[in-house]
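Asker: fold the following and give me the result.
(chains A and B)
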Amino acid sequence: DTEVTQTPKHLVMGMTNKKSLKCEQHMGHRAMYWYKQKAKKPPELMFVYSYEKLSINESVPSRFSPECPNSSLLNLHLHALQPEDSALYLCASSQEIARNTGELFFGEGSRLTVL
Amino acid sequence: AQSVTQLGSHVSVSEGALVLLRCNYSSSVPPYLFWYVQYPNQGLQLLLKYTSAATLVKGINGFEAEFKKSETSFHLTKPSAHMSDAAEYFCAVSPLYNQGGKLIFGQGTELSVKP
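Answerer: This next block holds a predicted model:
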């Protein structure tokens, strides 16, 4: 069982829809991440939050909007997506970045299909 | 810049045979190294990690990896493959002085296990 929980597991949306992906962890981790993964490819980093503040944005288009309401929750708001945004979106968490060896704990992902 | 190279995008072995998945990293300073496994339609799960302690690292499900500084390698092995080992395997590196929580992934190796 994963200790990082992502909802929904599957999401189908049109290009004009607004939807959100949610992620929750209760390991006391202070860093949380969003990754995007295309089939047969490694995960690509999108955003990093450290102590609820955005610390890395890997030049992600503004149609993806992250939010970290508290230390346990991470959201990814989606609006006006394109079909090429269809992918598996993975949430991960880790100990605070300054003490982190780099080990990440991943959720099972949300599979997004944009029609 | 740090990079990770996984030799072979696809490896096929027979059940009971040795599994060897290759990973080489580029770094002037030994980094932290990880192997993750991803089963179909799931997130990434940590198999094992090297964080500058013992050079032979044992992980879950009978896997192990040896850190060889002289060869800048961190190959993953398992003495006897099982059908349940079929999955995508990612080698990843984290710089010793982690740059904001980034983890650098290799391109992945898909392991197939034949009966």
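Asker: drop to CA atoms for contacts and neighbour counts, all remaining ones
Answerer: Fine.
Asker: surely B:Val113 touches B:Ser80?
Answerer: No: with contact defined as CA atoms under 8 Å, B:Val113 and B:Ser80 do not form a contacting pair (10.5 Å).
Asker: what touches both of these two?
Answerer: Here B:Val113 and B:Ser80 have B:Glu15 as joint contacts, going by CA atoms under 8 Å, 6 or more residues apart in numbering or on different chains.
Asker: give me the more crowded residue out of those two.
Answerer: More crowded of B:Val113 and B:Ser80, by other CA atoms under 10 Å in any protein chain shown: B:Val113, with 19 against 15.
Asker: the more buried one bridge partners, please.
Answerer: When bridges are called by DSSP bridges, B:Val113 pairs up with B:Val13.
Asker: for chain A, see how far away it is.
Answerer: 17 Å (CA to the nearest CA, to the nearest Å).
Asker: one more: B:Ala65?
Answerer: 16 Å.
Asker: same check on B:Cys91?
Answerer: Applying CA to the nearest CA, the value for B:Cys91 to chain A is 10 Å.
Asker: does that residue belong to a helix, a strand or coil?
Answerer: Following DSSP: H, G, I helix; E, B strand; the rest coil, the label given to B:Cys91 is strand.
Asker: wait, A:Tyr49 sits on A:Ile56?
Answerer: Yes: distance between A:Tyr49 and A:Ile56: 7.0 Å, which falls inside the contact criterion (CA under 8 Å).
Asker: can you tell me the residue of chain B closest to chain A?
Answerer: Distances between chain B and chain A by CA to the nearest CA are smallest at B:Gly43, namely 3.9 Å.
Asker: got the contact list for that residue?
Answerer: A:Leu90, A:Phe106, A:Gly107, A:Glu108, A:Gly109.
Asker: residues from chain B in reach of chain A?
Answerer: Contact residues, chain B versus chain A (CA under 8 Å from any CA of the partner chain): B:32, B:34, B:41-46, B:49, B:51, B:90, B:93-94, B:96, B:98, B:100-103, B:105-108.
Asker: in helices, which of those residues fall?
Answerer: Among the residues of chain B next to chain A, no member falls in helices (DSSP state H).
Asker: neighbours of residue 22, just the number please.
Answerer: No chain was given, so I picked chain A. A:Lys22 has 20 nearby residues by other CA under 10 Å.
Asker: ah, I was thinking of chain B
Answerer: 17.
Asker: please apply the same query to the one 3 residues further on.
Answerer: A count of neighbours around B:Tyr25, defined by other CA under 10 Å, yields 23.
Asker: my read: it touches B:Ser70, true?
Answerer: No: checked against CA under 8 Å, the pair B:Tyr25 and B:Ser70 is beyond contact range at 11.2 Å.
Asker: re earlier: just the buried ones out of the residues of chain B next to chain A, please.
Answerer: B:32, B:34, B:42-46, B:49, B:51, B:90, B:93-94, B:96, B:98, B:100-103, B:105-108 (16 or more other CA atoms under 10 Å in any protein chain shown).
Asker: picking up where we left off before, ok, and the closest non-adjacent residue to the residue of chain B closest to chain A?
Answerer: Nearest non-adjacent residue to B:Gly43, counting by CA to CA, 6 or more residues apart in numbering or on different chains: A:Glu108, 3.9 Å away.
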